[in-house]
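> Structural data only, the sequence is not supplied:
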């Protein structure tokens with residue numbers, strides 16, 4: 001997977017794009033998001049847990065908070081239930 005990162009945008013060799021694998025688990029019943037990020041092979045995985053997860057059907061937006069930070073959002077762009085695929089933008 002190739003993911004654009006504003007944090008990496010200033011690095012001249014990758015122009016903001018870097019190999020990245022993100023696995024998200026949205027558990028609406030438990031109101032929790034789990035995110036696991038893999039970047040380069042020698043770096044450890046980053047694990048993030050978001051609390052107070054909610055889904056607004058009208059805007060197709062998932063909202064959650066990580067620790068004391070302001071709320072973050074993912075907007076659902078496409079869902080293919082048959083193939084277990086979801087595309088979203090954060």
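Yep, that arrived. All values derive from a computational prediction rather than experimental measurement.
> How many residues are close by residue 62?
21 (other CB atoms under 10 Å). All C-beta spots, glycine's among them, are computed from the backbone N, C-alpha and C.
> who touches it in this structure?
26, 33, 53-55, 73-76, 88 (CB atoms under 8 Å, 6 or more residues apart in numbering).
> Quick check on these: which are buried?
26, 33, 53, 74, 76, 88 (16 or more other CB atoms under 10 Å).
> Looking at these, which are in strands?
In strands, judged by DSSP state E, the following of the buried ones among the contacts of residue 62 are found: 26, 33, 53, 74, 76, 88.
> ok, what's across the strand from the first one?
Here residue 26 sits in beta bridges with residue 33, as judged by DSSP bridges.
> pretty sure it contacts residue 61?
No: under the criterion of CB atoms under 8 Å, residue 26 makes no contact with residue 61, lying 11.7 Å away.
> hey, what's in contact with both of those two?
Joint contacts of residue 26 and residue 61 (CB under 8 Å, 6+ apart) are residue 55.
> In the buried ones among the contacts of residue 62, which has the lowest confidence score?
Minimum pLDDT for the buried ones among the contacts of residue 62 is recorded at residue 88 (83).
> wait, what's in contact with residue 74?
Residue 74 sits in contact with 24, 61-62, 88-90, where contact means CB under 8 Å, 6+ apart.
> 6 Å instead?
Neighbouring residues of residue 74 by CB atoms under 6 Å, 6 or more residues apart in numbering: 62, 88, 90.
> Low-confidence ranges, the chain, go.
For the chain, the stretches flagged by pLDDT under 70 are 1-19.
> which stretches of this structure form strands?
Counting by DSSP E, the chain has strands at residues 2-4, 17-19, 21-27, 32-38, 46-56, 61-65, 72-80, 85-89.
> Just want the angle from the fifth one to strand 32-38.
With axes from the mean of the first three to the mean of the last three CA atoms, to 10 degrees as the criterion, the two stretches strand 46-56 and strand 32-38 enclose an angle of 140 degrees.
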